[in-house]
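# Sequence first, then the predicted structure:
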Amino acid sequence: MASISIPIDQIKTISKTGSILSSPALSVTERIEVTYGKFDSVIISPADRAPFIADLLKINPVINLGEGL
């Protein structure tokens, strides 16, 4: 599996996703889509979603959160 690095200051939006196109999460409900740069996005499934998002917001408080996050 490929690894990428996303500068946190380039993250624009984090939202829940039910997509099965990416990420080997056990539960589809745990996946989030991170939109960054101009038109880029990645689907991930962090082990602990809430603390992960909270840590990102501490560094970049202008990240927009989708419904339910």
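Okay, I see it. This one's a predicted model, so the numbers in the text were calculated from it and none came from an experiment. Numbering: from 1, shown residues only.
# So residue 52, which state does it fall into?
What DSSP: H, G, I helix; E, B strand; the rest coil gives for residue 52 is helix.
# do you know how far it is from residue 14?
Going from residue 52 to residue 14 by C-beta to C-beta, to the nearest Å gives 9 Å. To be clear about C-beta, it is placed using only N, CA and C from the backbone, and glycine gets the same treatment.
# Those two: who's more crowded?
More crowded of residue 52 and residue 14, by other C-beta atoms under 10 Å: residue 14, with 22 against 15.
# Shouldn't that one be within a strand?
Yes - under three-state DSSP, residue 14 falls within a strand.
# That one bridge partners, please.
residue 34, residue 65 (DSSP bridges).
# Next one: it from residue 2, what distance?
For residue 14 relative to residue 2 (C-beta to C-beta), the value is 20 Å.
# mind checking how far the residue nearest the centre of the chain is from residue 57?
Residue closest to the average C-alpha location in the chain (C-alpha atoms, centre = their mean): residue 34, at 3.5 Å. Computed as C-beta to C-beta, the residue 34 to residue 57 distance reads 13 Å.
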